[in-house]
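Visitor: Here's my sequence, what's the structure:
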Amino acid sequence: MNTLSPCSVWGNPDAPKRALLVHGFTCTSQIWCHVAQLLVEQGYYVVAPELPGHGIGPRASEYSFDALVKALIPYVSHACPDLIIGHSLGGLITLGLIHHISAESRAVHVVIVDPPLDLTSEQLNFYRVLFTTAVREPPGTEAYTKMFPTWKISDAAWKAFGDELCDPDLVDALFDQHCPWNFKHLLKQAPPENVRLTILAGDLDNGAVYYSGQSAEFAHVTAMSVKGVSHWIPLEHPKAIVDVALTPLSLATREKLDERVVIDKVSNVTNQKDLTCASP
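Guide: Numbers count the residues shown, from 1 in each chain. Predicted coordinates for the structure are as follows:
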């Protein structure tokens, strides 16, 4: 697990701004293609690693959540990007990664997209069956196009590809090691002063998993949600992710964002420094 994962990259390596994108459970880095293209248009060089056990990422004899976090430390330990976005399980891994960002690095905006912070036993059992079945009996592209009619055929194909390439041992290990499933502890320690943290949720009525009450006690978190989209915001509304990621907190009002983006809680950042320079 010490091998640096292969990556998908977009944009000019000499671009002045850099973004790190972390994909979710049973996905590949290509789940970020729409978000990445929008960021490139804004002057970013974008890197999206393949997590261990996923896609063409490295395999291991044993897997753990901490090992997934450790695999991404090289991406933030030397030259921290300006922007980090993590979706689903990738959002949880990104939360674990935050405290490996040097307090001396440039200001960075971290956006966590619909993270499964805390699942009930019923939800946990449902998702365990869903994911363990998907990696052993992949549903295929056609099934995803039927389940998510707003997706492009290429989106469904990449998700199906992710199922086929994901190591079933990884799925088993993470569910075995996290029962009950609760990652709220990752929010208890405030990030370094140069890190701004936003959580962007989907619509609970459309199958999203995060709700703002899960982070309400943490003053350092800004929580937002997008109406009318499911858990799969990177595919269904990538512009919402980019708009939120690139909007300075002082300008984060409904007038400055897509009308479907709702601010649930604005954090108190009066004692954080130079955070507005994290976004153009």
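Visitor: ok, longest helix in this protein?
Guide: Longest helix in the chain by number of residues (criterion: DSSP state H): helix 121-136.
Visitor: Give me the residues contacting that helix.
Guide: By Cβ atoms under 8 Å, 6 or more residues apart in numbering, the residues outside helix 121-136 that reach it are 25-26, 116, 119, 163-164, 166-168, 171-172, 175, 179-181, 209. C-beta here means a position set from N, CA and C on the backbone, and glycine is covered the same way.
Visitor: So which elements touch the next helix or strand after it?
Guide: Per DSSP states H and E, helix 121-136 leads on to helix 141-147 as the next helix or strand towards the C-terminus. Packing contacts for helix 141-147, counted by 3 or more Cβ pairs under 8 Å, 6 or more residues apart in numbering; DSSP states H and E, involve helix 153-165.
Visitor: Past the helix it packs on, which element shows up next along the chain?
Guide: Helix 153-165 is succeeded, C-terminally, by helix 168-177 (DSSP H and E).
Visitor: If you count neighbours, what's buried in that following helix?
Guide: Judged by neighbour count using 16 or more other Cβ atoms under 10 Å, the buried positions of helix 168-177 are L170, V171, A173, L174, F175.
Visitor: try stretch 102-112
Guide: For stretch 102-112, by 16+ other Cβ under 10 Å, it's S105, R106, A107, V108, H109, V110, V111, I112.
Visitor: and if you look at stretch 11-24?
Guide: Residues G11, A15, K17, R18, A19, L20, L21, V22, H23, G24 are the ones in stretch 11-24 that count as buried (16+ other Cβ under 10 Å).
Visitor: again, but for stretch 175-192
Guide: Counting neighbours by 16+ other Cβ under 10 Å, stretch 175-192 gives F175, W181, F183, L186, L187, A190, P191, P192 as buried.
Visitor: List the ones among the residues you listed that fall in helices.
Guide: Using DSSP H, the buried residues of stretch 175-192 in helices are F175.
Visitor: of all the buried residues of stretch 175-192, which comes closest to T94?
Guide: Within the buried residues of stretch 175-192, proximity to T94 (Cβ to Cβ) peaks at L186, which comes in at 9.3 Å.
Visitor: now that closest one: how far from V22?
Guide: Using Cβ to Cβ, to the nearest Å, one obtains 14 Å as the distance from L186 to V22.
Visitor: Give me the nearest residue to V35, chain neighbours excluded.
Guide: Of all residues not flanking V35 in the chain, P238 sits nearest, at 4.4 Å (Cβ to Cβ, 6 or more residues apart in numbering).
Visitor: buried ones in stretch 134-151?
Guide: Residues of stretch 134-151 classed as buried by neighbour count (16+ other Cβ under 10 Å): A134, V135, P138, T141, Y144, T145, F148, W151.
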